[in-house]
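Participant: Below is the sequence, then the predicted model.
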Amino acid sequence: METVNAGKSFLESLSAESYTPDGLPFDDLYSVQVKPTDEFPLKDLIKIPKNTTFVFVQQYQEPKESQSEESVNNESYIVEQDVSVVSESDTIDIDTTLPGFRSKLSGIRPLTVKQARWILSVYTMANNPYMNKQLISDSKQTTSDCNQTTSESPSSIPIWIPCDGQQPEDVFYMGGQTVKSPSGQISGIATFKVSCAGPITNKASLPSFGKLLQEHKYYNDSKSVVTHGYAEYDVFGSLTNDASLLQGQLSQHSSLKIECAWENVNHILQKPPHNAKATVSIQAVPGDTISATHSMFRELHTLVSFAQGLQTGQVNWARKPSEDEESLTDKTLLLVKELQKGTLQKLDESKISNEFFDSPLHHQMVSVPKREGLDFTERLWKLFIGATCYKDVIDSFNAVFQALNSGELQPMVHRNNVTQMAKMVRLSYDRKLNDVKLEENIPLELLVEIGIDKLRRDYITYFIAEKLATLSDLDFYTQSGLDIDQQLERVQRLFNVVELSLDSKIYLQLPLQNQRSLISDALKHYENNEHTHIHTFQLTLDAALFRNLYATIQPRVWKVEMRSPSDITSVYQLSSRPVFDHVSLSQSQDVSISLELEENLHYFSTSVLCGVVEYGGW
């Protein structure tokens, strides 16, 4: 609050008697806010000191003549909404006779370029050590009176002003911040002009790189310029131009982005050179339809719904009964018969499984062999997952136990299969299996157990077969002695790692060494975090690994920074969406650009020009 008052006091004293060129008191025309730098709207374009503040100036909306007194009284009082924090218990007495009251109630809007330039001109004068020394002294006194912890006076806080973007200049922001000499004294002001245009739909509409350099040198009087390139590729966003496919009930979506940085840019939309560095950011959200593992997720989701039935007593069966389909009991009896005869390998797999859920770790874009050697409980899971009602499950289990008790069926179960069903199978070998009473939740509990064992074994086999992890790396996920809820939670965490692995392998084709590093980080992360914690994993790699990808999609963001020896930087950026939202541009398309023809572009350009006003005598 004190920082805000100090900054506001400084701005209100910018002009004689606190009046603007429009003849209105400054406080009645402008909203002054002091914000932390993490709220800086241009932080991806312009670097300002961290953990500090900046002044944000906007204009109060003019009142509409048709606005009734009742509607005015119902409006929220926004004069200093960000300036002073008012609790719900506070009361505010508003004098509606104050000048400018109605305009303050009507909202805020960006300034015209003329207004922004006037404020910046006075900001420049206020920081000039040869002018308005009393103003600077007063500002420092205000800072002292407010018990400020910052060492800088309110007038030296960076100032940023949103503009209306009107043609012909298309200016959307103007700003200023002090420049200091080697001795630490203010020696000048760096002023910024940020403009935006678009959409740009062909390369002919783009400026030449030489023109950008020439413009930068004009403002900075520098012959030596260092250039830095940046490109961001949104791999998942490039898979479709239909944004609706990415929308659904998920609050988050899987993302796979590659950010490349390099020096010595030589043309607009230059692809990352071989010596560029790339940062890969991968976020896998289970259930996202764009993920390569979406079909696998259906199997896990069905298991989770069965487990929830143990708590609620209600099960959402994944499939509806069909008159043309064999019953689950009939399929179970067929499985038992083939096992007894030893002819299971010759049986059509579709007759004893459910194709809708038949989604092992196998994808058409990745050579991952199907899991072989399923034991008896795993085969039961593949059948029972297609149950359409509780009676199906009970009848099918009864058929199995009848065959086990008779001694006619002695199926194989894995040695480390510790489910209740596996234990009962082993008892049947020696005719020690008693009659099993399938009462209350017992059938569902047996079903959930064999499902957990099956999926956990699927995931672990994948990591071992692909040489991505060792059994010791997976100890946490194979720990015994846990209750069903704990086991299911760890299986869900393991699935998150599987999804991360397959997405990176399919879409990035990462080398094995990099895949191992990614999986190692993910396994350790989920040892300490719930499966619902969606984390973004990052790898720093050579950009040359993705040169095939650069040839097929355009970057979502492409940017060049031009820096002079004085550290003054100009920026030119192309992005698939406008950088600003305070003024509407043409309708944007929130899609990444996947193109066969490079001429088919859809970009918004943003230009940041910086110049320095130096004070004499330094």
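Facilitator: Nice, I can see it. Numbering: from 1, shown residues only.
Participant: quick one: low-confidence ranges for the chain?
Facilitator: 1-23, 62-106, 131-155, 221-222, 238-252, 343-369, 584-600, 617-618 (pLDDT under 70).
Participant: What segments of it are strands?
Facilitator: Assigned by DSSP state E, the strands in the chain fall at 30-36, 53-60, 108-109, 159-162, 171-180, 186-200, 226-234, 255-263, 277-283, 537-542, 557-563, 569-575, 603-614.
Participant: most packed of those strands?
Facilitator: strand 159-162 (a mean of 25; mean count of other CB atoms under 10 Å). For glycine as for every other residue, the C-beta is placed from the backbone atoms N, C-alpha and C.
Participant: That one pairs with which strands, parallel or anti?
Facilitator: If you go by DSSP bridges, strand 159-162 pairs up with strand 53-60 (parallel), strand 171-180 (antiparallel).
Participant: and A261, which of the ones you listed is closest to it?
Facilitator: strand 171-180 (24.1 Å; CB to CB).
Participant: what's that closest one in contact with?
Facilitator: The contact list for strand 171-180, computed with CB atoms under 8 Å, 6 or more residues apart in numbering, reads 41-42, 46, 48, 110, 113, 116-117, 120, 123-124, 127, 156, 158-163, 165, 186-196, 579-580, 582-583, 612, 614.
Participant: orientation of it relative to strand 186-200 in degrees?
Facilitator: 160 degrees (axes from the mean of the first three to the mean of the last three CA atoms, to 10 degrees).
Participant: thinking W381 is in contact with E449, fair?
Facilitator: No: between W381 and E449 there is no contact, the gap being 9.4 Å when judged by CB atoms under 8 Å.
Participant: more crowded one of these two?
Facilitator: W381 (25 against 22; other CB atoms under 10 Å).
Participant: do you know how far the more buried one is from I452?
Facilitator: As for W381, its distance to I452 is 9 Å (criterion: CB to CB, to the nearest Å).
Participant: Identify the contacts common to those two.
Facilitator: Going by CB under 8 Å, 6+ apart, no residue sits against W381 while also sitting against I452.
Participant: Show me what Q58 bridges to in the sheet.
Facilitator: S31.
Participant: quick one, what contacts it?
Facilitator: Y30, S31, Q33, I108, R109, P110, L111, I161, P162.
Participant: Those into CSV, with extra columns for distance to S291?
Facilitator: Formatted as CSV, these follow (distance: CB to CB, whole Å):
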residue, distance to S291
Y30, 49
S31, 44
Q33, 41
I108, 42
R109, 42
P110, 40
L111, 45
I161, 43
P162, 38
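Participant: between the residues you listed, which is closest to F54?
Facilitator: Nearest to F54 among the contacts of Q58, with distances taken as CB to CB, is Q33, at 9.3 Å.
Participant: any idea how far that closest one is from V194?
Facilitator: For Q33 relative to V194 (CB to CB), the value is 18 Å.
Participant: and if you look at D28?
Facilitator: Distance from D28 to V194, counting by CB to CB: 27 Å.
Participant: can you check P411 too?
Facilitator: 71 Å.
Participant: Over to I506?
Facilitator: Counting by CB to CB - I506 and V194 are separated by 39 Å.
Participant: what sits against D375?
Facilitator: P411, M412, V413, H414, N417, A422.
Participant: run the last query once more with 6 Å
Facilitator: For D375, the contacting residues are M412, V413, H414, by CB atoms under 6 Å, 6 or more residues apart in numbering.
Participant: Show me the helices in the stretch 401-550 of the chain, by range?
Facilitator: Along the stretch 401-550 of the chain, counting by DSSP state H, counting those that start in this stretch, helices occupy 420-429, 442-465, 475-478, 484-508, 512-527, 547-550.
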